[in-house]
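Make a model of this:
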Amino acid sequence: MASAPARRAAPTGGARPGRRGSRWPGLTRPGPRGSTGGRTGRHGVTRRQRVAGWGLALPFLLIFTVFMAGPVLASAAMSFTDLRSADLRDPLAVDPVGVDNYVRLLGDETLRRAAANTAWFVLLGVPLTMVLGLAAAVALDAGISRFRAFFRVGYYLPVVTSIVAVAVVWRFLLEPDSGLVNTLLARLGVDGPAWLSDTRTALPSLVVMAAWRNMGFLMVVFLAGLQAIPGELHEAAAIDGCGAWARFRHVTLPLLRPTLLFGGVVTGIGYLQFFEEPFVMTGGGPLDSTLSVAFYIYQQFGFGNYGYAAAIAYVLFVAVVGLTAAQFRLMRSKT
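Below you'll find the model as predicted:
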């Protein structure tokens with residue numbers, strides 16, 4: 001009987017079929033699951049994926065260019081021209097003036113007064129707001145256990161309230177004749193001043209109002225930082241004999257430094273640009289004692305001095321950057 005034809009023996013060594021280096025050269029290794037094809041880039045991204053990514057980012061890039069980068073660059077160029085409201089009909093007729101606008105603001109007495117008011121507002125307002133926010137956060141974190149959510153909402157409510165509503169209420173509170181503050185002072189035998197009409201008390205009154213309104217935001221931020229500190233550290237410090245103030249100074253504050261830095265930077269940037277408070281409550285008066293740099297920029301735009309107003313705005317921008325850099329240098333972590 002003839003023997004059956006022998007079957008072709010399967011390879012016993014080497015790579016398996018379908019892998020690179022296989023003895024069967026006709027088969028290749030399959031591509032990765034979900035591959036979309038196309039030439040693979042340096043980081044394993046195909047050309048089709050790159051095109052899809054840029055397509056998704058294109059709407060944001062267009063909006064950012066038209067409404068953010070475009071106006072910023074245009075205002076920078078405008079600060080080196082003599083553009084006024086009368087030139088809007090023929091913008092090409094505007095003449096470049098170089099750095100004349102920046103030289104002019106150095107001799108502007110009103111701008112100097114506004115810059116001094118803004119500096120005092122920052123120097124007084126930022127520490128006061130941070131101290132009040134930190135005190136409220138410490139009280140909610142350690143001293144108040146019941147109705148904690150109620151106090152959080154109560155402290156944070158002025159932050160989300162319209163500045164116009166807050167300003168109207170504070171104007172009634174600070175009325176010299178019928179205001180609640182002077183009424184309470186009169187019962188104590190103290191003759192209260194005209195808070196918003198006196199050059200000595202108008203700016204401090206705005207500082208107090210701003211601190212009261214913004215402390216709720218810092219309270220929430222500081223409370224989150226306090227709750228992130230491990231309780232074992234306080235327990236270990238208490239075992240070593242540290243009192244409450246020593247634990248707060250040597251344990252809480254060092255670990256809270258990044259949170260304090262964030263609160264200081266955000267509050268400082270906001271207070272350097274304070275505008276609503278004098279605009280609504282005092283109109284910059286009395287005698288420009290509450291005029292801020294942002295309010296002065298608004299006035300110059302209203303007067304039609306667009307080039308000069310843009311130059312002041314960029315000086316304010318440099319001040320914001322400088323203050324932020326100084327805060328990062330002073331309050332950065334030492335670890």
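
Where does pLDDT dip in the protein?
1-44, 91, 143-145, 147, 333-335 (pLDDT under 70).

Tell me where the longest helix sits in it.
Ordering each helix of the chain by length in residues (DSSP state H) puts helix 109-138 first.

buried stuff in it?
Neighbour-count burial for helix 109-138, counted by 16 or more other C-beta atoms under 10 Å, picks out 111, 113-115, 117-118, 121-122, 124-126, 128-130, 132-134, 136-138. In short, each C-beta sits where N, CA and C put it, glycine included.

same check, this time on stretch 315-331
Judged by neighbour count (16+ other C-beta under 10 Å), stretch 315-331 contains these buried residues: 315, 316, 319, 323, 324, 327, 331.

so the fourth one sits right up against residue 269, yeah?
Yes: Residue 323 lies in contact with residue 269 (C-beta atoms under 8 Å); the separation is 7.4 Å.

ok, the residue nearest to the spatial centre of the chain - contacts?
Nearest to the geometric centre of the chain sits residue 266, at 4.5 Å (C-alpha atoms, centre = their mean). Neighbouring residues of residue 266 by C-beta atoms under 8 Å, 6 or more residues apart in numbering: residue 217.

Which helix or strand contains it?
In this structure, residue 266 is located in helix 257-272 according to DSSP states H and E.

and the angle for that helix with helix 109-138?
150 degrees (axes from the mean of the first three to the mean of the last three C-alpha atoms, to 10 degrees).

Could you give the separation of helix 257-272 from the chain centroid?
8 Å (C-alpha atoms, centre = their mean, to the nearest Å).

Go through that helix and flag the buried ones.
Residues of helix 257-272 classed as buried by neighbour count (16+ other C-beta under 10 Å): 259-272.

Let's see it as PDB, backbone CA atoms only.
Output for helix 257-272, consisting of C-alpha atoms alone and laid out as PDB, is shown next (Å, rounded to 0.1, in the frame of the first residue of the first chain):
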ATOM      1  CA  ARG A 257       2.800  79.500  52.100                       C
ATOM      2  CA  PRO A 258       1.800  78.400  48.500                       C
ATOM      3  CA  THR A 259      -1.900  79.100  49.300                       C
ATOM      4  CA  LEU A 260      -0.900  82.500  50.800                       C
ATOM      5  CA  LEU A 261       1.100  83.200  47.700                       C
ATOM      6  CA  PHE A 262      -1.900  82.500  45.500                       C
ATOM      7  CA  GLY A 263      -4.200  84.600  47.600                       C
ATOM      8  CA  GLY A 264      -1.700  87.500  47.600                       C
ATOM      9  CA  VAL A 265      -1.100  87.400  43.900                       C
ATOM     10  CA  VAL A 266      -4.800  87.300  42.900                       C
ATOM     11  CA  THR A 267      -5.800  90.000  45.400                       C
ATOM     12  CA  GLY A 268      -2.900  92.200  44.400                       C
ATOM     13  CA  ILE A 269      -3.700  92.000  40.700                       C
ATOM     14  CA  GLY A 270      -7.300  92.800  41.400                       C
ATOM     15  CA  TYR A 271      -6.600  95.800  43.700                       C
ATOM     16  CA  LEU A 272      -4.100  97.300  41.300                       C
END
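
what's the following helix or strand after it?
Next helix or strand after helix 257-272 toward the C-terminus (DSSP H and E): helix 276-277.

quick one: that following helix to chain centroid distance?
With C-alpha atoms, centre = their mean, you get 18 Å for helix 276-277.

Check stretch 214-222 too.
Relative to its parent chain, stretch 214-222 has a centroid offset of 13 Å by C-alpha atoms, centre = their mean.

just stretch 49-57 next, same as before
Mean C-alpha position of stretch 49-57 versus that of the full chain (C-alpha atoms, centre = their mean) differs by 30 Å.

can you check stretch 234-246 too?
Taking the mean C-alpha point of stretch 234-246 and that of its whole chain, the gap between them comes to 35 Å (C-alpha atoms, centre = their mean).

do stretch 179-187 as well
The chain centre lies 37 Å from the centre of stretch 179-187; the measure is C-alpha atoms, centre = their mean.

Check which residues of that stretch are buried.
Using 16+ other C-beta under 10 Å as the burial criterion, the residues of stretch 179-187 that qualify are 179, 181, 182.

okay if I get the residues you listed as TSV plus secondary structure and distance to residue 299?
Output for the buried residues of stretch 179-187, formatted as TSV (DSSP: H, G, I helix; E, B strand; the rest coil; distance: C-beta to C-beta, whole Å):
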residue	secondary structure	distance to residue 299
179	coil	28
181	helix	29
182	helix	31
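
and of the residues you listed, the nearest to residue 168?
Here the nearest of the buried residues of stretch 179-187 to residue 168, counting by C-beta to C-beta, is residue 179; it sits at 12.5 Å.
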